[in-house]
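model this:
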Amino acid sequence: MTTYDDRASLTDLTATAERVRSSVEGVIEGKPEVVRLSLTVLLAEGHLLIEDVPGVGKTMLAKTLARSIDCSVRRIQFTPDLLPSDITGVSIWDQQRKDFEFKPGAIFAQIVIGDEINRASPKTQSALLESMEERQVTIDGQTYELPSPFMVVATQNPVEMEGTYPLPEAQRDRFMARVSVGYPSVEAELQMLDVHGGVSPLEDLQPVAHAHDIVKLIEAVRNVHVAEPVRRYAVELVAATRTHPDLRLGASPRATLHLLRAAKASAALSGREFALPDDVQALAVAVLAHRLLPTAQAQLNRRTAEQVVQEILQRTAVPAAPQQGTGLGLRGAPAYPQQPPRRL
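Below is the predicted model:
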């Protein structure tokens, strides 16, 4: 059995994550759930898709998260004339060296902000596929590794908006979670006028964590224990999407992996060294819904993918809670069963 200092790691994780959360919430008022999900995706080594109407703070959320961490940041403004080489880079002939020299594109950063990603053509969107899944870029037969940590935070407008393209299924499947910012409450909007009315709060925002801190936190999240009943519960939820009559495309095995990784990060953010079914339930809609395609009849009945996931959550049996004394977690809390932690 591998030994490591779980408590120290999770203590560091909670303190660092709290600093980043407070920094982001200082700019994005009244959206604590959105901020927490963004941190969860970051620590789970995933990518985040922010979808909503214009003007609700999608880009501001992405930029605030990036500036709160002392790491390299690049922003890509997706437009219809953007080329794949603008993202990945291009090899240019060097007259002095008499050889090709690779010029890295905007993807070579630790946090990449893709603004309005669905305004570019599917050909350009596909330039992100390899980098998001394998964290590398292949140009002219040469493979280049991307830095760590690496996260793509993309924003998109609803498909009904003018000048947008639907994201390909393969592209959506590579985003760990999708979140909608939504309109702020009246109190939050009044506070926003006070904070943003004069100067942008991003100008005074200072990093509260370093890139190497995030790498250590990601490693701590990997060590979070997921018991067999919780893993089986996640698999059953995903499998139910593949046979649901209202869906013509269910979630992939990659979705199961993303759901479990996100649950581990959520558990760690809660100060636990083990994941619970509650973590899986809380993230199921954000992780699964954007991957699903409703049938034509479901669309006529105005059934959304989010509603289908909620229905599956209600129908799928939740693993029974362990009895007291079957294994202790942080601060003596009952862990999910008594067996050695295993890496996923």
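
what sits against residue 142?
Counting by CB atoms under 8 Å, 6 or more residues apart in numbering, residue 142 touches residue 102. No exception for glycine: its C-beta is placed from N, CA and C like everyone else's.

same thing with residue 117?
By CB under 8 Å, 6+ apart, the contact list for residue 117 reads 49, 78, 125, 154-156, 167.

wait, which of those is closest to residue 112?
residue 154 (8.4 Å; CB to CB).

what's the following helix or strand after the strand or helix carrying that closest one?
Using DSSP states H and E, residue 154 sits within strand 151-156. Sequence-wise, the next helix or strand downstream of strand 151-156 (DSSP H and E) is helix 169-173.

which elements pack onto that following helix?
Of the remaining helices and strands, none touches helix 169-173 by 3 or more CB pairs under 8 Å, 6 or more residues apart in numbering; DSSP states H and E.

outline the domain layout of this protein.
Using automatic domain parsing, the domain parsing of the chain gives 1-223, 224-344.

re the thing from before, quick one: which of the contacts of residue 117 is nearest to residue 315?
Using CB to CB, residue 49 comes nearest to residue 315 of those, at 26.4 Å.

what distance do you get for the closest one to residue 117?
Counting by CB to CB, to the nearest Å, the separation of residue 49 from residue 117 is 8 Å.

now do the SS call for the residue of the chain positioned farthest from its centre.
Residue farthest from the centre of the chain, counting by CA atoms, centre = their mean, is residue 96 at 43.4 Å. Recorded secondary structure, residue 96: coil (DSSP: H, G, I helix; E, B strand; the rest coil).

same deal with the one 4 residues further on?
In terms of secondary structure, residue 100 is strand; the call rests on three-state DSSP.

surely it touches residue 89?
No. Counting by CB atoms under 8 Å, residue 100 does not reach residue 89; the two are 11.6 Å apart.

burial count for residue 180?
15 (other CB atoms under 10 Å).

now it: closest residue in space that isn't a chain neighbour?
residue 52 (4.8 Å; CB to CB, 6 or more residues apart in numbering).

okay, buried residues for stretch 44-55 please.
Neighbour counts over stretch 44-55 (16 or more other CB atoms under 10 Å) mark 44-52 as buried.

so how far is that stretch off the chain centroid?
Distance of stretch 44-55 from the chain centroid (CA atoms, centre = their mean, to the nearest Å) equals 7 Å.

now swap in stretch 42-62 and tell me
That offset, for stretch 42-62, works out to 9 Å (CA atoms, centre = their mean).

any idea of the mean pLDDT in that stretch?
In this model, stretch 42-62 has a mean pLDDT of 86.

what about it, start to end distance?
12 Å (CA to CA, to the nearest Å).

list the buried residues of the helix or strand where residue 262 lies.
Applying DSSP H and E as the criterion places residue 262 in helix 253-269. Within helix 253-269, the residues that count as buried by 16+ other CB under 10 Å are 255-269.

ok, stretch 236-246 next?
Neighbour count says stretch 236-246 has 237-238, 240-241, 244, 246 buried, by 16+ other CB under 10 Å.

and if you look at stretch 15-25?
By 16+ other CB under 10 Å, the buried positions in stretch 15-25 come out as 16-17, 20-21, 23-25.

hang on, the earlier thing: joint contacts of residue 49 and residue 117?
The contact lists of residue 49 and residue 117 share 154-156, where a contact means CB under 8 Å, 6+ apart.

most neighbours among the residues you listed, please name it.
Most neighbours among the shared contacts of residue 49 and residue 117, by other CB under 10 Å: residue 154, with 27 neighbours.

what pairs with that residue across the strands?
Taking DSSP bridges as the rule, residue 154 bridges to residue 49, residue 114.

hang on, isn't it packed against residue 58?
No. With contact defined as CB under 8 Å, residue 154 does not count as touching residue 58 (9.2 Å).

joint contacts of the two?
Joint contacts of residue 154 and residue 58 (CB under 8 Å, 6+ apart) are residue 50.

tell me what angle the helix or strand just after the helix holding residue 262 forms with helix 253-269.
Downstream of helix 253-269, the next assigned helix or strand under DSSP H and E is helix 277-288. Using axes from the mean of the first three to the mean of the last three CA atoms, to 10 degrees, the direction of helix 277-288 lies 130 degrees away from that of helix 253-269.

the next helix or strand after helix 277-288 pairs with which strands, and in what direction?
Heading C-terminal from helix 277-288, the first helix or strand you meet, by DSSP H and E, is strand 293-294. Strand 293-294 sits in its sheet next to strand 247-249 (antiparallel), going by DSSP bridges.
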